[in-house]
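>>> Show me how the following folds:
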Amino acid sequence: MATESLEKIIDEFNRLPGIGKKSATRIAFHILNLSDEEVKRFAISLMEAKKNIKKCSICGDLSEHEICDICNNLSRDEETICIVEDSRDIISFERTGKYRGKYHVLGGKIAPLKGITPDKLNLESLLKRIANNPIKEVIIAINPDLEGETTSLYLTRLLKHFDVKITRIASGIPMGGNIEYADSATISRALEGRQEV
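Numbering: from 1, shown residues only. Next up is the predicted model:
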């Protein structure tokens with residue numbers, strides 16, 4: 001039987017997404033086997049990340065600055081915006097090296113049963129970006145599950161009022177799949193095979 005302190009560590013790791021009780025237990029034992037210096041370095045890195053990382057004021061991606069590196073990069077295509085659910089999706093797209101435009105992070109997807117309505121998403125700044133900049137294409141790159149499809153349909157209707165080409169990534173990402181876990185080749189095919197909606 002685990003001690004109270006060990007149980008607390010296991011419970012905290014178990015609360016993380018994708019970490020079951022067995023994995024949480026393995027991580028907790030690993031932490032206990034680290035030196036005091038290694039544990040301290042780990043804890044400090046977590047606290048510094050929590051303190052320093054904020055959302056980009058333009059796209060909503062994670063950044064240590066007011067404006068993220070992608071939004072600040074003048075060599076990127078200013079006329080194309082790829083709408084993603086969260087920052088993990090940007091990492092996946094950037095790994096392919098195929099996309100050279102800008103991004104916009106919604107911060108979730110419409111899920112009324114979970115209390116996530118359109119007003120809870122990062123939509124207002126998206127509409128301002130499109131209205132105030134020479135945007136020619138908006139790529140909707142939301143995970144193709146039921147909530148993602150609902151969000152994509154909502155975005156399509158919302159963006160039809162603007163003079164922009166609206167496309168969606170192709171079906172290289174399987175229904176119910178997550179962009180975060182897709183390999184680079186699949187994401188590249190999905191991006192290259194996008195279709196206008």
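>>> Mind listing what's buried along the longest strand along the chain?
For the chain, the strand with the greatest residue count under DSSP state E is strand 77-84. In terms of neighbour count (16 or more other C-beta atoms under 10 Å), strand 77-84 has its buried residues at Thr80, Ile81, Cys82, Ile83, Val84. Where you see a C-beta, it was placed from the backbone N, CA and C, and this is true even at glycine.
>>> Show the contacting residues for the last one.
What it means is Val84. By C-beta atoms under 8 Å, 6 or more residues apart in numbering, Val84 lies in contact with Ile90, Phe93, Tyr103, His104, Val105, Leu106, Ala141, Ile142, Ile179.
>>> Could you find the closest non-adjacent residue to it?
Ala141 (5.2 Å; C-beta to C-beta, 6 or more residues apart in numbering).
>>> the domain parsing of the chain - what is it?
As assigned by automatic domain parsing, the chain contains the domains 4-50, 76-196.
>>> mean confidence for stretch 85-97?
For stretch 85-97, the mean pLDDT works out to 94.
>>> any chance of the domains of the chain in CSV, with distance to Glu64 too?
Output for those, formatted as CSV (distance: least, C-beta to C-beta, whole Å):
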stretch, distance to Glu64
domain 4-50, 9
domain 76-196, 13
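>>> Quickly compare these and say which is most buried.
Comparing the domains of the chain by mean neighbour count (mean count of other C-beta atoms under 10 Å), domain 76-196 comes out on top with a mean of 17.
>>> for the contacts of Val84, which one is nearest Lys8?
Closest approach between these and Lys8, by C-beta to C-beta: Val105, at 32.8 Å.
>>> and the spatially most central residue of the chain, how far is that from Asn33?
By C-alpha atoms, centre = their mean, the chain has its centre lying nearest to Asp86, at 1.8 Å. Relative to Asn33, Asp86 is positioned 33 Å away (C-beta to C-beta, to the nearest Å).
>>> again, but for His65
Separation of His65 from Asn33 (C-beta to C-beta): 36 Å.
>>> and what of Pro134?
56 Å.
>>> Counting neighbours, what do you get for the residue lying closest to Asn72 once chain neighbours are set aside?
Leaving out its chain neighbours, the residue that sits closest to Asn72 by C-beta to C-beta, 6+ apart is His65, at 7.7 Å. Neighbourhood size, His65 [other C-beta atoms under 10 Å]: 13.
>>> gap between His65 and Cys71?
Remark: distance between His65 and Cys71 (C-beta to C-beta) = 10 Å.
>>> Overlap of the contact sets of these two?
Residues touching both His65 and Cys71 (C-beta under 8 Å, 6+ apart): Cys56.
>>> where does this protein dip in pLDDT?
Per-residue confidence for the chain (pLDDT under 70) gives these ranges: 1-2, 171-175, 185, 189, 195.
>>> need the longest helix for it.
helix 36-52 (DSSP state H).
>>> Return the distance of that one from the chain's centre.
Centre-to-centre, helix 36-52 and its host chain are 23 Å apart (C-alpha atoms, centre = their mean, to the nearest Å).
>>> in its sheet, what does the helix or strand just after that helix sit against?
Note on helix 36-52: by DSSP states H and E, the next helix or strand toward the C-terminus is strand 54-55. Strand pairing for strand 54-55, determined by DSSP bridges: strand 62-63 (antiparallel).
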